[in-house]
Structures are given as structure tokens and as C-alpha cells.
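Asks: generate a structure from the sequence data that follows.
(one chain, ligands or ions: 1)
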Amino acid sequence: MEVPAADSADQNAREPESPEQREFISTLRRRYHDEGSVFWVDDGELGIFDPDLARRVHTHNVVGSPLGDRLIDLLRRRPSPVVTWDQVRGAWLGRIRALSGAQTTAGLEERMRAVFHARLGREVDLVWLAHETITRATVPVIIDGLSPRAAAVVHADLIGKIRHLLATAESGHLDNSRLSTSPMTQIRAGLAVRMELRGRSRGSRPGRLDLTEPIVRDLLPDLGMDRAVDAVTAMLTAVAGPPGSAAASVMFELQRQTHWAELLRKEHLDVPDEEFHASPTRSAPVTHRFVKEVLRLWNPPSLLARVVRRETKVAGHTLHPGQLYLLSSLMVHHDPAYWTDPETFDPDRWLPEASNANCPNGPNGPNGPNGPNGTGEPTARAPYIPFGWAPTSCVGATLGTTQLILLCRLLTTRYALTPRPGGHARMMLAAVPTPTRFYGQVTLRG
Ligand code: HEM
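Replies: Residues are numbered from 1 along each chain as shown. Just a heads-up that it's a prediction; the model follows:
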């Protein structure tokens, strides 16, 4: 195993971040401020930071794209059955609904608690703790029933990808093709996934209530084994980074916002487990607002880089196939044109009665129809895009939100996080927002 997973939350497990990472995002934010929302970030890399243009370009670029041909068909020089990414997403989204119940939440909680328990009383890197807690809890939702050996291989691959994401990414943006571990670790993880898929398709392994099942049951004949393994691996890769980063930001704000942490604690002490598991967002509305605000302020990934497939014109620029365009909801979420006091952490901006009041252009904002500078024209809500733009927005948004609410519940009721004295953790905007010098101990609350 490349990285001993059980120990990777230990102190100093991460490489020091490079100064270029921080510089890159702050330079972009400066240019966004000075040059507007669409500009060439680099040769062949167009930043599209206007939320509507971003949606339009992204949709034009990816909608209806078929997956590549199967290896066997490429070798035999024949076309594969056409399967689009939308079909794969559709299969997952159907399954996610079935996975939104109490049983899944209780299972997530059990696995998250196991990670905390294994580290009680030791000083650990809290960023790593966040990533490990999320990945270990999530993998069985994606692919259940792996043997301990196969699960360890899959975890080693994910941990390697996260390590790479946190330690390098000197260009500052998340490009999935660069999320790599050693080729051998990747091959072993791919083989572990393939064995599970093959076993299920032949009936030697039982079907499971996970996100792999609809791929095997509904799409395998058309996808073929290689593309099915790729789909499951893509899903695993999608949880190696953004969800753990969001969890680290939740931990960071729980430490900083002591007043809110206390409110969350009170909220959770009043809600019994069964009620919480049945509906985390409904039973913990204050925590839900807290989590939404964390995802606004520290939205991972900082940038998404996408390859242009279809020629597009945008704001006077022409994008050619092979070039890149960059999207960033983080940039949009910090834009004072859309958000009042965007740098202020304020979960109350999510209260239903405050809706849009925090957006200068919203109905109740200063520039909106009812405001002092308003034109009377109806305007949109502040753009909130924590899970990316359609048609490739996050498939696991509900599950991810549940996990973050669950994390708040665990860290305000059962466990306490004690940061290293004098640690002075600060948030760094790298490929994903990441607290630096964020070390501490997990202990059981009395
Ligand atoms: C708070 C936690 C999470 C955050 C902040 C997050 C964020 C994102 C973002 C921004 C994207 C869009 C990427 C793009 O447009 O290329 C994305 C895509 C994706 N996410 Fe998440 N995610 C979270 C949790 C999860 C979970 C728990 C799962 C699975 C169980 C998941 C599975 C996926 C998948 C499969 C995609 C790719 C969608 C596609 O390409 O069509 N995510 N995520």
C-alpha cells in the first residue's frame, strides 16, 4: 500500500503547500476584479467567471457527449454501442434517491465515528482527518462488499490522489487528469473494482444498495466492462478531494465560530438519532444553514478546468477544441456584485426571510426592484453554485450535504476537537480551500 491509510491523518502527513498555489488564486481574484469576469488566464486557458456565461458554455461543450468506444471495439475497429455520460449520471441519480434514507445516514455515521475513534487522544493533521473521514465513510456507498484487502487498495488510491491534490497543483486548478497516484496503485484499485463488477454480473457476488449496482444492472451490456470500471472509478475519484475539503472547512469554521458551534450543539442535543437519520436537513435547519455558508465561503474546488470539445464564442473570445476553459463558483460566491459582505461568515443569510436580501441585485437588495438604487426590474437570486454547473453538477450533492451536517453533529455532541495551542490555523485558497497549520486532538465529550 502506498500510503498507510490508518496513519495518514497523523501530524505532518502533508507536504508543505507551495507559495505559488496561494499566489495563483489571489492573482486570479485580482484580475477578476480589474478585468471583469471573462479573460485569458494563460495561453489557451479562458477564465469564464460570469455564472450565466459559464453555464451556457459548459452546457454547449458537454451536453449529450457520448463516452469513448470500448477497448475491444477499438481493437476490432467497430463502433461500440453509444452510451452518453447523461445515461450514466441518470443511473446514479436514480440510485442516490434510494440512498437518501435513514439507513444510509446511520451507516455513514458509524463509519465516520470509527475514523474518529481510531484517532482519539492523538494529535493529528485535521485536514487529513477530514479527508479520511469522508472517503472512508463514502466508499461503501459507491462500491460496497469489497474484501478488506480490496477496500485497502481502493483507499490507498484515493489517499494518494488526495495527497497529490493537497501537495502539488502548483497551477492552482483542479484538473482530473492530474489527480494521479502511482500507476501500480491505480491498476490495483481498478482491478479491485473490476473483480466486484464481474462477480456481480456473473451472480457470484450479491447485488448491493450502492452506486455501482445500477451500472452493473442497467448499463453493463452496453458499456462493456472497461467503460463500467471507468464509470465507477470516476465516481470514486470525484470523492477524492472536494467533499473532504468541504469537511475540513466545516471543522475550521466550527473552531472559529464558537457562537455558532454552541447553537449547533443545542440543536443536535434536542434531536434524537432516529429523527436525525430520517431527515438531517429538516431536523437540523441551523446546521444546514451553517453548512451552506461554509460551502459558499470555501467552495471546493477553487477552479475547474475543462477541455473545449466544441468551438464556442463567448464574450468576444473564441474557444477552440483542445483549449481549456476555467470555471469557479468560489469566485462567484465572493463577488460583491452578487453577495452583500461576501467575506463575512453569516449562516443567517440563508434564513428564508433573508432570502435575496444578501444579494445587492436581489428583490430586497439595494439594486433590486425594491431597493433605493433599484430599477424595478425583477432580478435573479444571488448565484449559489456549490456543486458545480449543469450538466456535470455533482451527483452526490445531497449525500455530501448530509455528511457535512453529520460531521457537525458528531463534533458538537460526541467528540471535541482541540486545536494545537498557538496553531493559528488559516485558510489557504489552493486547488481546494484548505486550512493550514490545522492540527489538533479529537477527544470524547463527557
Ligand atoms: C460537500 C461535498 C461535495 C462537494 C463540494 C462536491 C463538489 C462537486 C463539484 C463542484 C462537482 C462538479 C465538477 C464538474 O463540473 O466537473 C462535482 C461533481 C461530481 N461529484 Fe461531487 N461534491 C461533493 C460530494 C460528492 C459525493 C458524496 C459524491 C458521491 C457519492 C460525489 C460525486 C460526484 C460525481 C460523480 C461528480 C461528477 C459529475 C459529472 O461529471 O457529471 N460528490 N462535485
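
Asks: what's in contact with the helix or strand that contains A54?
Replies: Assessed by DSSP states H and E, A54 sits inside helix 51-62. For helix 51-62, the surrounding residues in contact (CB atoms under 8 Å, 6 or more residues apart in numbering) are 37-38, 48, 85, 306, 308-310, 312, 314-315, 319, 325, 327, 329, 332, 338, 383, 385, 389-392. Where C-beta positions appear, they are placed from N, C-alpha and C, glycine not excepted.

Asks: try it again at 7 Å.
Replies: Contacts of helix 51-62 with the rest of the structure, by CB atoms under 7 Å, 6 or more residues apart in numbering, involve 38, 48, 306, 308-310, 312, 314-315, 325, 327, 332, 383, 385, 389-392.

Asks: show the average pLDDT along it.
Replies: Along helix 51-62, the predicted local confidence has a mean pLDDT of 95.

Asks: so after it, what's the next helix or strand?
Replies: Along the chain past helix 51-62, the next helix or strand (assigned with DSSP H and E) turns out to be helix 71-75.

Asks: hey, C-alpha coordinates of that next one in PDB?
Replies: The C-alpha coordinates for helix 71-75 follow below in PDB (Å, rounded to 0.1, in the frame of the first residue of the first chain):
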ATOM      1  CA  LEU A  71     -11.300  -1.100 -25.900                       C
ATOM      2  CA  ILE A  72     -12.400  -4.400 -27.500                       C
ATOM      3  CA  ASP A  73     -14.300  -2.500 -30.200                       C
ATOM      4  CA  LEU A  74     -11.300  -0.200 -30.900                       C
ATOM      5  CA  LEU A  75      -9.200  -3.300 -31.400                       C
END
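
Asks: packing partners of the helix or strand just after that helix?
Replies: Tracing the chain past helix 71-75, the next element assigned as helix or strand by DSSP H and E is helix 85-98. On a contact count with 3 or more CB pairs under 7 Å, 6 or more residues apart in numbering; DSSP states H and E, helix 85-98 meets helix 213-214.

Asks: how far does the helix it packs on sit from the chain's center?
Replies: What separates the centre of helix 213-214 from the centre of its chain is 22 Å, taken as CA atoms, centre = their mean, to the nearest Å.

Asks: show me what it is packed up against.
Replies: Against helix 213-214 (3+ CB pairs under 7 Å, 6+ apart) you get helix 85-98.

Asks: now the element after the host helix or strand of H131, going C-ward?
Replies: H131 is part of helix 126-142, with elements assigned from DSSP H and E. Using DSSP H and E, the helix or strand that follows helix 126-142 in sequence is helix 148-167.

Asks: any part of that next one near the ligand?
Replies: No - Helix 148-167 stays out of contact with the ligand when judged by CB under 6 Å from any ligand atom, the minimum separation being 12.0 Å.

Asks: then that helix to PDB, C-alphas only?
Replies: C-alpha atoms of helix 148-167 as PDB (Å, rounded to 0.1, in the frame of the first residue of the first chain):
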ATOM      1  CA  PRO A 148     -10.800  -5.800   3.400                       C
ATOM      2  CA  ARG A 149      -7.800  -6.200   1.000                       C
ATOM      3  CA  ALA A 150      -9.700  -4.800  -2.000                       C
ATOM      4  CA  ALA A 151     -11.000  -1.900   0.200                       C
ATOM      5  CA  ALA A 152      -7.500  -1.100   1.400                       C
ATOM      6  CA  VAL A 153      -6.200  -0.900  -2.200                       C
ATOM      7  CA  VAL A 154      -9.100   1.400  -3.200                       C
ATOM      8  CA  HIS A 155      -8.400   3.600  -0.200                       C
ATOM      9  CA  ALA A 156      -4.700   3.700  -0.900                       C
ATOM     10  CA  ASP A 157      -5.500   5.000  -4.400                       C
ATOM     11  CA  LEU A 158      -7.900   7.700  -3.100                       C
ATOM     12  CA  ILE A 159      -5.500   8.700  -0.300                       C
ATOM     13  CA  GLY A 160      -2.700   9.000  -3.000                       C
ATOM     14  CA  LYS A 161      -5.000  11.200  -5.100                       C
ATOM     15  CA  ILE A 162      -5.800  13.500  -2.200                       C
ATOM     16  CA  ARG A 163      -2.200  13.700  -1.200                       C
ATOM     17  CA  HIS A 164      -1.400  14.800  -4.700                       C
ATOM     18  CA  LEU A 165      -4.200  17.300  -4.700                       C
ATOM     19  CA  LEU A 166      -3.100  18.900  -1.500                       C
ATOM     20  CA  ALA A 167       0.600  18.800  -2.100                       C
END
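
Asks: who are the packing partners of it?
Replies: Using 3+ CB pairs under 7 Å, 6+ apart as the contact criterion, the neighbours of helix 148-167 among helices and strands are helix 126-142, helix 183-202, helix 220-238.

Asks: quick one: mean pLDDT for the last one?
Replies: The one in question is helix 220-238. Average pLDDT, helix 220-238: 94.

Asks: what's the answer for the shortest one, then?
Replies: Helix 126-142 comes out with an average pLDDT of 96.

Asks: and it, what does it pack against?
Replies: On a contact count with 3+ CB pairs under 7 Å, 6+ apart, helix 126-142 meets helix 102-118, helix 148-167, helix 220-238, helix 242-256, helix 397-409.
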